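Chemist: What follows is a protein structure lacking sequence information:
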């Protein structure tokens, strides 16, 4: 009978502990399943300067020297661009680079 008493107390404590759930922050159910927001181009909202930005375009996918030898890219494939950008007016490295295709700026993963 002595073993039954501690077991009964343990079950009572467990039942009381389960009755009071931990407080959790309320979350909007739609926000939990929403896709992440698309990154915005670094140049969004900036006023274009008349000076040409400085850059070096080293590679597009497997194509070396794509400035002089055009790169062929299949539709629907990932495009990997290697190079760097710099600000010739400030004489400093670029803080970010956007790639502009047909007048539309696309953000990049810059700095690797």
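Modeler: Yes, it's here. What you are looking at is a predicted structure, and each value in this text was computed from that prediction instead of being measured.

Chemist: Could you use CA atoms for every contact and neighbour count after this?
Modeler: Noted.

Chemist: mind listing what residue 98 touches?
Modeler: Contacts for residue 98 (CA atoms under 8 Å, 6 or more residues apart in numbering) come out as 41-43, 105-108.

Chemist: Please repeat the previous calculation with a cut-off of 6 Å.
Modeler: 105-108 (CA atoms under 6 Å, 6 or more residues apart in numbering).

Chemist: Output those residues as a markdown table; include the columns neighbour count and distance to residue 79.
Modeler: Listed next are those as a markdown table, based on neighbours: other CA atoms under 10 Å; distance: CA to CA, whole Å:
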| residue | neighbour count | distance to residue 79 |
| --- | --- | --- |
| 105 | 16 | 15 |
| 106 | 16 | 12 |
| 107 | 17 | 12 |
| 108 | 16 | 11 |
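
Chemist: So which of those sit within strands?
Modeler: 105-107 (DSSP state E).

Chemist: returning to that earlier point: quick one: which of the contacts of residue 98 is nearest residue 63?
Modeler: residue 108 (18.5 Å; CA to CA).

Chemist: so where's this structure uncertain?
Modeler: Where the chain drops to pLDDT under 70, the residues are 1-35, 112.

Chemist: If we use 80, what do you get?
Modeler: 1-39, 48, 94, 110-112 (pLDDT under 80).

Chemist: hang on, residue 58 packs against residue 83?
Modeler: Yes - contact status for residue 58 versus residue 83: in contact at 4.9 Å, counting by CA atoms under 6 Å.

Chemist: Thanks again, I'm all set now.
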